[in-house]
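Visitor: What shape does this take:
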Amino acid sequence: MSRTPSLALATVALVTGGIAIGTSEFVVMGLLPELAHGIGVDIPTAGQAISAYAIGVVVGAPLLSAVAAGRPRRGVLIALMAAFLVGNIGTALAPNLGLVLVARFLAGLPHGAYFGLAAIVAVSLARAGRGPQAVSRVMLGIPVANLAGVPLATALGQAFGWRAAFWMVAAIAALTLVMLRAMVPYSGPTDQSIRSELGALMRPQLWLAMAIGAIGFGGQFSMFSYIKPLLLHVTGASMQHVPLVLLVFGFGGLVGTWLGGLVAGRSVWGAMFGGLGAMVTFFSLLALNAAGPLPLVTFLVGMGAASAAMLVIGLQMHLMNVAGSAQNLGASLNHAALNFANALGAAAGGLVLSWGWGWVAPTWTSVALSLAGIVIAIVALLVARAKDEPGVRA
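Guide: Model prediction:
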């Protein structure tokens, strides 16, 4: 076998794949008008493309992780990225809504399994005790996508048509395939099986951990889904200020991902409780000061994003802890839970708006969902302590 590539090179390859996936997931939101016009539907109907991707993530995370059990990890990563590439090429070529939805669903299928397996590979290559930091570096793909990939793909889509954005994603995915083959070391088959992976679903701690993410992390999306009207109608910002706030939001996610690795390296529970507690704090301050100065509002939005990102790293490590030998499944389910949180947060925020409670109401919903996440985390911790389960360890 050839010389083992360094952890740094492997991380670059894994992060590049994360940038491709993150860009594909979020660029649709910025190109909905162009997509709708291009396939001849209205904007709400075109929004089904977002839901189709999220459903693909939720379905694909447990399914593909179980199927991949026992197989060489590098080969599985390459196969997952190849499937993602096909989904995005299909999106770029789709002539109508039906085929766009099918292609988006297919593109979403490998999402959770890729990030989960990337986290496992990063931990396996890291020095002892450095697993959380390695995972946080791999997860930088999403915030980097929000900072750079999504704006660039959106600009391409607006200048050359929405399909150009997905051709850009496909190009990054193709580059990732080459990098994975060259930079990620080969490891042989493992002793995992589909039965052992799916058997982890019988563990209460696994479901409690997913509930923390599905509900607690929903707090970020309740606020973020309606941040533009909040800025325009409550804060009094202009349209020119909105991209700056979104940039700070993306930078907050980058900082929170790095910080989450540091905190989780000391205590996984600390990262989860710290992230949720900070979300409650900053979302409450944002709701109370939404009509305040724009710099303060921008700062609070960024800090909320950083808090949520820290929670994500803690959850990733916690799920890998409680999954036992079912590492593929445990690591990937984090992303299924987070995509459920996306849908839940947006729906909850939309519900309070439909009740006529005003543009600040979704941010208070964020506070409520984050508090609910804390309650579930407390239950999970108490259960783990009572049963002396491995999930109670830091």
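Visitor: Give me the distance between Met150 and Ala118.
Guide: For residue 150 the amino acid is Val, not Met. Going from Val150 to Ala118 by CB to CB, to the nearest Å gives 20 Å. The C-beta positions use only the backbone N, C-alpha and C, and glycine is treated the same way.
Visitor: what's the next secondary structure element after the helix or strand hosting Gln205?
Guide: If you go by DSSP states H and E, Gln205 is part of helix 204-211. Counting by DSSP H and E, the next helix or strand C-terminal to helix 204-211 is helix 218-224.
Visitor: Past that following helix, which element shows up next along the chain?
Guide: helix 227-230.
Visitor: Quick one: list the elements packing against that following helix.
Guide: helix 242-266 (3 or more CB pairs under 8 Å, 6 or more residues apart in numbering; DSSP states H and E).
Visitor: continuing past the helix it packs on, what's the next helix or strand?
Guide: Helix 242-266 is succeeded, C-terminally, by helix 268-288 (DSSP H and E).
Visitor: Measure how far the helix or strand of the chain with the lowest mean pLDDT is from the centre of its chain, please.
Guide: The weakest-scoring helix or strand in the chain, judged by mean pLDDT, DSSP states H and E, is helix 194-199 (a mean of 73). How far helix 194-199 lies from its chain's middle: 24 Å, per CA atoms, centre = their mean, to the nearest Å.
Visitor: likewise stretch 10-28?
Guide: Centroid separation for stretch 10-28 versus its chain: 11 Å, with CA atoms, centre = their mean.
Visitor: Now it: buried residues?
Guide: Applying a neighbour-count criterion of 16 or more other CB atoms under 10 Å, one finds 10-11, 13-28 buried in stretch 10-28.
Visitor: before we move on, what about stretch 263-276?
Guide: So, applying 16+ other CB under 10 Å, buried residues of stretch 263-276: 263-265, 267-269, 271-276.
Visitor: nearest to Gly250, of these?
Guide: Of all the buried residues of stretch 263-276, the one with the least separation from Gly250 (CB to CB) is Gly275, at 17.2 Å.
Visitor: State the helix or strand in which Gly70 lies.
Guide: Using DSSP H and E, no helix or strand contains Gly70.
Visitor: so the closest residue to it other than its chain neighbours, which of the three states?
Guide: Leaving aside its chain neighbours, Gly70 sits nearest to Gln192 (4.7 Å; criterion: CB to CB, 6 or more residues apart in numbering). Under DSSP: H, G, I helix; E, B strand; the rest coil, Gln192 falls in the coil class.
Visitor: ok, Gln192 to Ile212 distance?
Guide: 25 Å.
Visitor: hmm, back to that, so between Val150 and Ala118, which is more surrounded?
Guide: Ala118 (30 against 25; other CB atoms under 10 Å).
Visitor: What strand or helix carries that one?
Guide: Counting by DSSP H and E, Ala118 is part of helix 97-125.
Visitor: Return the set of buried residues in that helix.
Guide: Buried-residue list, helix 97-125, by 16+ other CB under 10 Å: 97, 100-123, 125.
Visitor: Tell me how far the spatially closest residue to Gly149 that is not a sequence neighbour lies from Phe84.
Guide: Using CB to CB, 6+ apart and skipping residues adjacent in sequence, the residue nearest Gly149 is Thr23, 3.5 Å away. Using CB to CB, Thr23 is found at 11 Å from Phe84.
Visitor: do His111 as well
Guide: 8 Å.
Visitor: Ala54 now?
Guide: 15 Å.
Visitor: Which one's more surrounded, these two?
Guide: A count of neighbours by other CB under 10 Å puts Phe84 above the other of Ala54 and Phe84, at 27 against 21.
Visitor: And the pLDDT for that one?
Guide: According to the prediction, Phe84 has pLDDT 98.
Visitor: for the one 5 residues further on, same thing?
Guide: As summarised for this prediction, Ile89 has a pLDDT of 98.
Visitor: Quick check: what element follows the helix holding Ala118 along the chain?
Guide: helix 131-138.
Visitor: Now the next helix or strand after that next one: average pLDDT?
Guide: The first helix or strand that comes after helix 131-138 along the chain, using DSSP H and E, is helix 141-144. Helix 141-144 shows a mean pLDDT of 91.
Visitor: Quick check: which helices or strands does helix 141-144 pack against?
Guide: Against helix 141-144 (3+ CB pairs under 8 Å, 6+ apart) you get helix 7-30, helix 242-266.
Visitor: Adding mean pLDDT, write those out as TSV.
Guide: Listed next are the helices and strands packed on helix 141-144 as TSV, based on pLDDT from 0 to 100:
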stretch	mean pLDDT
helix 7-30	91
helix 242-266	91
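Visitor: any chance of those in a markdown table, plus distance to Leu369?
Guide: Listed next are the helices and strands packed on helix 141-144 as a markdown table, based on distance: least, CB to CB, whole Å:
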| stretch | distance to Leu369 |
| --- | --- |
| helix 7-30 | 20 |
| helix 242-266 | 17 |
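Visitor: Out of these, the one nearest Ala174 is which?
Guide: Once the helices and strands packed on helix 141-144 are compared by CB to CB, helix 7-30 is nearest, at 9.1 Å.
Visitor: now the angle between helix 242-266 and that closest one, please.
Guide: Calculated by axes from the mean of the first three to the mean of the last three CA atoms, to 10 degrees, helix 7-30 forms an angle of 140 degrees with helix 242-266.
Visitor: looking just at contacts, which helices and strands does helix 7-30 meet?
Guide: Using 3+ CB pairs under 8 Å, 6+ apart, helix 7-30 is in contact with helix 48-67, helix 73-93, helix 97-125, helix 131-138, helix 141-144, helix 150-160, helix 162-183.
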